[in-house]
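Undergrad: heads up, no residue letters with this:
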């Protein structure tokens, strides 16, 4: 079991490092630019080429059953679930096989609305409650993935 962080815009990297250390999980911090990481043999920085979906592709190609991916990217979450992994958004929302279809559909609708020039306002600001929910969801996801691997 490993954790992959889609790190370029992830506001909960420090939280992931702490939880991963508590459980002894190897963590990969994937981005297309340098990101400071703690000095730990369990945390590895992976800098990929710039470009659309390069980091997503790197993560998706390596995800195995039991792995956990922290991402806001819905298509990446879909690929992770199909590979047998688990995906959690930084706000604590778990992506599940039951919810991913509607998330993909909503994303497509919003993309279409934006393509017409409509200003949609973007996502709501990240709050302390999101951080707390994320920590709880990550902990629950680790336990669930461990049970699956037994």
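TA: Perfect, I can see it now. Worth saying up front: this structure is predicted, and the values here are computed from it rather than measured. Residues are numbered from 1 along each chain as shown.

Undergrad: Every contact and neighbour count from this point should use C-alpha atoms.
TA: Noted.

Undergrad: beta partners for residue 68?
TA: residue 3, residue 86 (DSSP bridges).

Undergrad: what ranges do the strands span in the protein?
TA: For the chain, the strands defined by DSSP state E cover 2-6, 26-31, 43-47, 68-70, 86-88, 94-95.

Undergrad: Neighbouring strands - and their directions - for the shortest one?
TA: Strand 94-95 has its sheet partners listed here by DSSP bridges as strand 86-88 (antiparallel).

Undergrad: Could you check how far the lengthiest helix in the chain is from the centre of its chain?
TA: Longest helix of the chain, by residue count under DSSP state H: helix 128-149. Relative to its chain's centre, helix 128-149 lies at 12 Å (Cα atoms, centre = their mean, to the nearest Å).

Undergrad: I'd like the distance between residue 1 and residue 53.
TA: 23 Å (Cα to Cα, to the nearest Å).

Undergrad: With neighbour numbers in mind, choose between those two.
TA: Between residue 1 and residue 53, counted using other Cα atoms under 10 Å, residue 1 has the larger neighbour count: 17 against 13.

Undergrad: Now residue 146: closest residue in space, sequence neighbours ignored.
TA: Of all residues not flanking residue 146 in the chain, residue 66 sits nearest, at 6.9 Å (Cα to Cα, 6 or more residues apart in numbering).

Undergrad: which residues touch that neighbour?
TA: By Cα atoms under 8 Å, 6 or more residues apart in numbering, the contact list for residue 66 reads 1, 2, 84, 85, 86, 145, 146, 148, 149.

Undergrad: The fourth one and residue 61 touch, don't they?
TA: No. Look at residue 85 against residue 61 with Cα atoms under 8 Å: they stay out of range, at 11.5 Å.
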